[in-house]
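J.: Provided below are the primary sequence and the corresponding predicted coordinates.
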Amino acid sequence: MTSISQTLRYILQGGPPDTGIPERVRAEIRAREASSERLIGWVQLGLVLFFSLLYAIAPRAEGSAGFNFVPIALAAYFLFTVLRLVLSYRFELPRWYLLVSIGVDMALLVGLIFSFHIQYGQHPTFYLKTPTLMYVFLFIGLRALRFDPRFVLTTGLVAVTGWLGLVFYAVFADMDHMRVTRNYVDYLTGNTILIGAELDKTMVILAVTIILSVALYRGRSMLFEASKDHAAAMDLSRFFSPEVAASITGADTELQAGEGTLRDAAILYADIRSFTSTSATLPPETVLAVLAEYQNLAVDVIVEEGGRVDKFLGDGILATFGAVYPSTTYAADALRAARRLVETVEREQQRFRDAGWPGQLRIGTAAAAGPVTVGVIGSKHRLEFTVIGDAVNCAAKLEDANKSQGTRALTDKATFDLAVAQGHDLPLIEARSDAAVQGIKRPVDLVVLAR
C-alpha cells in the first residue's frame, strides 16, 4: 500500500521529489518546461489559425441555419492563445494558469460540439456523431510536450468529464421521447443514442490519457536523471579538458583502470618560483587569488597553443600536447607555449601585484617530447585520467633544472629538433651540451627557451 501511495504522489507531483536534486538541475528542468510551454503555445496558435483558414475557405454545411458559434469561439480562443504565448515569454507561467489553459482548451472543444445541435436545429443526440471529438487527442498530445504526466492526466480527465456531460445532456434533454437504442443502424442513421458507442469513445480517451501519462511518468524520471547527468558532465568538463570529458562521458563501456593508448606527445611543466616560502607569509585568500590569476593566464596560453591542462599541482601545472588527441605539431606547440608563458607572466606582473603578491612573480617551464601512455589509472573506486612516460619525467626534471641553469624555460635538443621539423621557427637562444640534470643519469643536451 505504501508503494502505491508513493507512486500516486510521484505522479501527482509530476516526477521525483526535489530532495537530493541540486538547485541548478531544478533550474534547468524549469527552463526546459518553460520552453515546452512556449512550444505548446506556438502549436496552439498554428492550430487555431489553420482552423480559421479552413473555416473561411470551406463552404458551410447544408442545413446550418441556426446561430453559428464557430467564429466567436475561434476568435476568443485566438485571443487567449496569443495572450498565453506572450505571457510565456515574459515569465514562467504559474501552475494555476496552465490548469486554466487546459480548461479553456476543453471548453472550446466541448462548446463547439454542443453548439452543433443548435446551429443545425437538431436534437442534442445529433452532436454525438460529430468527428470534432477527435480533436481532443490533439489537446491531450500537446500537453505531452511538457513531459509532465500531471497535465496530460488533467487534460484527459477534463475531456472525459466534458464528453460525459454532453452524453448525459443528450440522454436527459428530452425525457418524453427517450432516444436510447441498442440498434446500431438506428444509431448511425437517426438521432438516437447507443450507450455502448459513447462508452467506447470515453474508454478510448481515458486509455490514451493513461498510456501517455504512464509513458511520461517513466520518461520524466529519465529526464531528471539525464538533467543530473548533464549537469555532472558540465562540471566534469571544468575539471578536465573538453576532449577528456567527452571520452569519459561518451565511452561505450565503463572505464577501468589500466586502459590506455600510446601516443607521441609533448609534456610541459610550469612552476612558480619560491611560491611555498612566499605564500607562507600571506593570508590564504591572497594566495588563492594570486593562484587564480596565474592559472587563468597560463591555461589561456596553453589552450591557445593547442595544449590541454592535465592537472594542477598546487602552484605547478602539467600540460599535454598531442596526448588527448593526435597532433602533427605537438613539439612545436609545446615549445611555443613554454616561451609564451614566460613572456606573458613577465608582462602581466601588475595583475599579480593587484592580487596581493609581493615583488615579482617568476615561473620556470620546461617541455619534452616522446611516446607517452594516455589512459586511466587508479582503483575501481577512484580513477584518474593521466599521462605516463619518459617524456613526463624528463619535462619535470628539466623544469627543476631551470634553478641550477639560471634559466626560465628549457627543453632538450631532441625535442627542439623535432619542433623545428614540425614548423617551430623561433630562434635558438642558447644550446648547452652535455649538461648534468639531477634525476637523469646521462648528460643532456639542453636548449634554452628563455633566460
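T.: Done, it's in. Numbering: from 1, shown residues only.

J.: Give me the distance between the nearest residue in space to Glu343 that is not next to it in sequence and Ala369.
T.: Take Glu343 and drop its neighbours on the chain: the residue closest to it by C-beta to C-beta, 6 or more residues apart in numbering is Ala450, 7.3 Å away. Any C-beta I mention is one placed from the backbone N, CA and C, and that applies to glycine too. Distance, Ala450 to Ala369, using C-beta to C-beta, to the nearest Å: 18 Å.

J.: And the two? Which one has more around it.
T.: When Ala450 and Ala369 are compared for neighbours, Ala369 comes out ahead with 28 against 19, by other C-beta atoms under 10 Å.

J.: Dig out what that one forms beta bridges with.
T.: Beta-bridge partners recorded for Ala369 (DSSP bridges): Ala266.

J.: correct me, but it touches Thr415?
T.: Yes. Using C-beta atoms under 8 Å, Ala369 is in contact with Thr415, at 4.4 Å.

J.: Please give me every residue in contact with Lys129.
T.: Contacts for Lys129 (C-beta atoms under 8 Å, 6 or more residues apart in numbering) come out as Leu188.

J.: Show me what the helix or strand harbouring Ala395 is packed up against.
T.: Using DSSP states H and E, the element containing Ala395 is helix 390-405. With contacts taken as 3 or more C-beta pairs under 8 Å, 6 or more residues apart in numbering; DSSP states H and E, helix 390-405 sits against strand 260-272, strand 363-378, strand 409-412, strand 430-435, strand 444-450.

J.: So which of the ones you listed is nearest Thr81?
T.: Nearest to Thr81, of all the helices and strands packed on helix 390-405, is strand 363-378, at 53.7 Å by C-beta to C-beta.

J.: Quick check: buried residues in the closest one?
T.: Using 16 or more other C-beta atoms under 10 Å as the test for burial, strand 363-378 gives 363-370, 372-376.

J.: In a markdown table: the residues you listed, plus distance to Phe168.
T.: Output for these, formatted as a markdown table (distance: C-beta to C-beta, whole Å):
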| residue | distance to Phe168 |
| --- | --- |
| Ile363 | 84 |
| Gly364 | 88 |
| Thr365 | 84 |
| Ala366 | 87 |
| Ala367 | 84 |
| Ala368 | 86 |
| Ala369 | 84 |
| Gly370 | 85 |
| Val372 | 79 |
| Thr373 | 77 |
| Val374 | 73 |
| Gly375 | 71 |
| Val376 | 68 |
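
J.: wait, which of those residues is closest to Thr192?
T.: Val376 (74.3 Å).

J.: Show the pLDDT at that closest one.
T.: Per-residue pLDDT puts Val376 at 64.

J.: How about Ile267?
T.: 93.

J.: my read: it touches Lys397, true?
T.: No. The pair Ile267 and Lys397 does not pass the contact test of C-beta under 8 Å, sitting 11.2 Å apart.

J.: and the two? which has more neighbours close in?
T.: When Ile267 and Lys397 are compared for neighbours, Ile267 comes out ahead with 32 against 19, by other C-beta under 10 Å.

J.: Quick check: that one vs Leu194, distance?
T.: Distance of Ile267 to Leu194, given as C-beta to C-beta: 82 Å.

J.: Just the buried residues of the helix or strand harbouring Trp163, please?
T.: Following DSSP H and E, one finds Trp163 within helix 149-172. Under the neighbour-count criterion of 16+ other C-beta under 10 Å, helix 149-172 has 149-160, 162-163, 166-167, 170-171 buried.

J.: can you check stretch 198-209 too?
T.: Across stretch 198-209, burial judged by 16+ other C-beta under 10 Å covers Glu198, Lys201, Thr202, Ile205, Val208, Thr209.

J.: Could you tell me what pLDDT the model assigned to the fifth one?
T.: Spelled out, it's Val208. pLDDT, Val208: 90.

J.: Can you verify it is assigned to a helix?
T.: Yes. Per DSSP: H, G, I helix; E, B strand; the rest coil, Val208 lies within a helix segment.

J.: Enumerate every residue touching it.
T.: Contacts of Val208 (C-beta under 8 Å, 6+ apart): Phe137, Ile140, Gly156.

J.: Now with 7 Å, please.
T.: Neighbouring residues of Val208 by C-beta atoms under 7 Å, 6 or more residues apart in numbering: Phe137, Ile140.

J.: Kindly report the same for the second one.
T.: Under the criterion of C-beta under 7 Å, 6+ apart, the contact list for Lys201 reads Leu133, Trp163.

J.: Next one: Lys403 from Ala270, what distance?
T.: Distance from Lys403 to Ala270, counting by C-beta to C-beta: 14 Å.

J.: Quick check: closest non-adjacent residue to Val345.
T.: The spatially closest residue to Val345, leaving aside those adjacent along the chain, is Ile363, at 5.3 Å (C-beta to C-beta, 6+ apart).

J.: State the pLDDT value of the one you found.
T.: At Ile363, pLDDT is 92.

J.: The one 4 residues further on now?
T.: Each residue has a pLDDT score; the one for Ala367 is 93.

J.: so who does it touch?
T.: Ala266, Ile267, Leu268, Ala334, Leu335, Ala338, Ala395, Thr411, Thr415 are the contacts of Ala367 under C-beta under 7 Å, 6+ apart.
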